[in-house]
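Trainee: can you look at this prediction? I've put the sequence above it.
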Amino acid sequence: MNKGHAGMLFLIFVVFGILISVQFRSIVQSETGDAISIKELTEELEKERNEKALLMEQLTSIEAKREQLLKNFGETLNNEEINSLLKKRDFEYLRAGLAPVKGSGIVITLEDAPAIGELNINDYIIHDSQVNAILDELKAYGAQAISVNGERVISTTKPVCAGPTIIVNNNRYPPPYVIKAIGDPYALFDAVNSMSTVAFMRLAGIRVDIVMQDEILIDRYHPIESLDAIFDDLEVVTSEDL
Amino acid sequence: MKTFKVVSLTLVCLLLGITIAWQFNSVKTNQILAQYEKEDINELIEQLLQEKNNNENLKARLQELQREVDAFQNDENTDKQYIQELKQSVLNARIMAGLETVKGEGLVITVKSGGLIEVEDRHIEELVNELKASDVQAISVNDERIVAMSEIRNAGGYIMINARQLVPPYTIKAIGDAEKMKNSLNLLAGVLDKFEYYEFEVDIREEKNVIIPAVRDVPIDMLTPVEQ
């Protein structure tokens, strides 16, 4: 073996050695550390979600119990003032979104495009702005009650935040996104169906199903704080006599 | 012998070339993967904090309700207390629906066009959305209260809210945590940066007594209550 060949071989093996160590480090880096905490975080999140489901159940049952006690109390006392207040309260709950309601309207189902074509990749995904534009359209055409994935839209509902999941009233839901609206079904259908936003979404293959229905059920808002706490910065200026 | 050397060297060099290419790709993908995982972690932590916060609130609410139920069951409430509680829940529901004129600390923001670009529905909507996202408790635009079913849209040079035509300058009032609101409006490339780019004239005042009027009506003629 002459010197030239030996030198070249030496170089080649040096490069090989470096390559192997770089590769090894890169693999180690991507597999340890982060992977462990992702698993832990997911488990912890799962735990919190299960707890939440349990707490929500308890909340519903205790609210029902309280409601029953209030009604019983009113009946036994048979007080005129109390009975009229109860009626008034039911009416105001209806207007505030604190009572479950039904009526005719439309149901819109949105789901990301199943395949990506030649448009920009972002065009195949549902965006916040699109969901919010649809909500605004529904409101403009006289919707009287709206829910997104079962969450009632109320006066303090933040603009919807859509991504891999949708956040409504601080709760997260996986797709498909389902928007229910009670109002004139024909007016709502035509309004949403003819939106340019919807046309564009459909062009990209995003699923936008709009169905008119005679009876849509929309749940009430479930406050997880007392209303006093939610509106603690507000002082009532004028109020009709109660 | 010489041929063998040449062939083996060629082979080794070829192998080296392939390895370098493969190596380059693999390191790049690993980096991308690590990046994704980092994003995932951020997202997960955010979700976890939100759920924890929700659960804390839920627990507090449950305790509160339990105390009320106990009070009822032990007959601690008198007629008067009962009537008082009912009145309060009627009032709270009316506040929530936007049917009461309310007062509180907050911001008063005035926006008007300062150049070629007119202020349109989407600009006002973006501002209102940003305020909503920073936990405001009441908002109005030119004294039109923003309620659950309020729309914000353009109609021939005007902005329509609650089916009313509004003309500039637009005055947005919001009751809530003024610092929080200002922070989110002042974000880099946030609403105010955009407004500056459009050459809008914007005035933001912090006020102790912001008064936000009630909405005229909340129509519910198409809603049928459902027994719970």
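Mentor: Sure, I can see it.
Trainee: going forward, measure contacts and count neighbours with C-alpha atoms only.
Mentor: Fine.
Trainee: so how far is the strand or helix carrying A:E67 from its chain's centroid?
Mentor: Using DSSP states H and E, the element containing A:E67 is helix A:34-77. Chain-centre distance of helix A:34-77: 18 Å, with Cα atoms, centre = their mean, to the nearest Å.
Trainee: that one vs chain B: in contact?
Mentor: Yes - using Cα under 8 Å from any Cα of the partner chain, helix A:34-77 reaches chain B at A:34-35, A:37-38, A:41-42, A:44-45, A:48-49, A:51-52, A:55-56, A:58-59, A:62-63, A:65-66, A:69-70.
Trainee: output the lowest mean pLDDT helix or strand found in chain A.
Mentor: Ranking every helix and strand in chain A by mean pLDDT, DSSP states H and E puts strand A:161-162 at the bottom, with a mean of 74.
Trainee: what's it in contact with?
Mentor: A:I126, A:H127, A:D128, A:V131, A:I167, A:V168 (Cα atoms under 8 Å, 6 or more residues apart in numbering or on different chains).
Trainee: what about that strand, distance to the chain center?
Mentor: Relative to its parent chain, strand A:161-162 has a centroid offset of 7 Å by Cα atoms, centre = their mean.
Trainee: following it, which helix or strand shows up next?
Mentor: Next along the chain after strand A:161-162, taking DSSP H and E as the criterion, comes strand A:166-168.
Trainee: which secondary structure elements does that following strand contact?
Mentor: Judged by 3 or more Cα pairs under 8 Å, 6 or more residues apart in numbering or on different chains; DSSP states H and E, strand A:166-168 is in contact with strand A:171-173.
Trainee: ok, of the residues of helix A:34-77 next to chain B, which come out buried?
Mentor: A:34, A:38, A:41-42, A:44-45, A:48-49, A:52, A:55-56, A:59, A:62-63, A:66, A:70 (16 or more other Cα atoms under 10 Å in any protein chain shown).
Trainee: domain-wise, how is chain B divided?
Mentor: Domains of chain B are assigned by automatic domain parsing as B:1-96, B:102-212.
Trainee: quick one: closest of those to chain A.
Mentor: Among these, domain B:102-212 comes nearest to chain A, with 3.7 Å by Cα to the nearest Cα.
Trainee: does the closest one come close to chain A?
Mentor: Yes - using Cα under 8 Å from any Cα, domain B:102-212 reaches chain A at B:102-105, B:129, B:132-133, B:135-138, B:146-153, B:163, B:175-176.
Trainee: endpoints of that domain, how far apart?
Mentor: End-to-end distance for domain B:102-212, by Cα to Cα, to the nearest Å: 5 Å.
Trainee: circling back to that earlier point, neighbouring strands - and their directions - for the least confident helix or strand of chain A?
Mentor: Take DSSP bridges as the rule and strand A:161-162 pairs in its sheet with strand A:166-168 (antiparallel).
Trainee: residues making contact with the strand it pairs with?
Mentor: The contact list for strand A:166-168, computed with Cα under 8 Å, 6+ apart, reads A:V148, A:E151, A:T157, A:K158, A:P159, A:V160, A:C161, A:R172, A:Y173, A:P174, A:P175, A:Y177.
Trainee: which strand residues bridge the last one?
Mentor: Read it as A:Y177. Beta-bridge pairing for A:Y177 (DSSP bridges): A:L110.
Trainee: next: the first one.
Mentor: A:V148 forms beta bridges with A:E151, A:I179, as assigned by DSSP bridges.
Trainee: surely it and A:I179 touch.
Mentor: Yes - look at A:V148 against A:I179 with Cα atoms under 8 Å: they come within range, at 4.5 Å.
Trainee: now residue 201, what's its secondary structure?
Mentor: Using chain A. helix (DSSP: H, G, I helix; E, B strand; the rest coil).
Trainee: wrong one, I was asking about chain B
Mentor: The three-state assignment at B:E201 reads strand, by three-state DSSP.
Trainee: how about it, what does it touch?
Mentor: B:E201 makes contact with B:T110, B:V111, B:K112, B:S113, B:G114, B:F195, according to Cα under 8 Å, 6+ apart.
Trainee: domains for chain A, by residue range?
Mentor: Residue ranges of the domains in chain A are recorded as A:1-78, A:100-218, according to automatic domain parsing.
Trainee: worst average pLDDT in those?
Mentor: Ranked on mean pLDDT, the bottom entry among the domains of chain A is domain A:1-78, at a mean of 78.
Trainee: what about that one, distance to the chain center?
Mentor: Domain A:1-78 has its C-alpha centroid displaced from the chain centroid by 21 Å (Cα atoms, centre = their mean).
Trainee: ok so, going back, looking at the contacts of B:E201, which gets the smallest pLDDT?
Mentor: By pLDDT, B:G114 ranks lowest within the contacts of B:E201, coming in at 87.
Trainee: so which residue is dead centre in chain B?
Mentor: For chain B, the residue nearest the mean C-alpha position is B:A133 (2.3 Å; Cα atoms, centre = their mean).
Trainee: which ones are touching the closest residue to that residue other than its chain neighbours?
Mentor: Nearest residue to B:A133, sequence neighbours excluded (Cα to Cα, 6 or more residues apart in numbering or on different chains): A:K158, at 5.3 Å. Neighbour list for A:K158: A:V168, A:N169, B:N129, B:K132, B:A133 [criterion: Cα under 8 Å, 6+ apart].
Trainee: possible to save those as CSV with distance to A:E215?
Mentor: As requested, the contacts of A:K158 are exported to CSV (distance: Cα to Cα, whole Å):
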residue, distance to A:E215
A:V168, 23
A:N169, 24
B:N129, 31
B:K132, 31
B:A133, 32
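Trainee: quick one on the thing from earlier: please identify the most buried of the domains of chain B.
Mentor: When these are scored by mean count of other Cα atoms under 10 Å in any protein chain shown, the highest mean neighbour count falls to domain B:102-212 (a mean of 19).
Trainee: check the offset of that one from the chain's centre.
Mentor: Per Cα atoms, centre = their mean, the centroid offset for domain B:102-212 relative to its chain is 14 Å.
Trainee: all set now, cheers.
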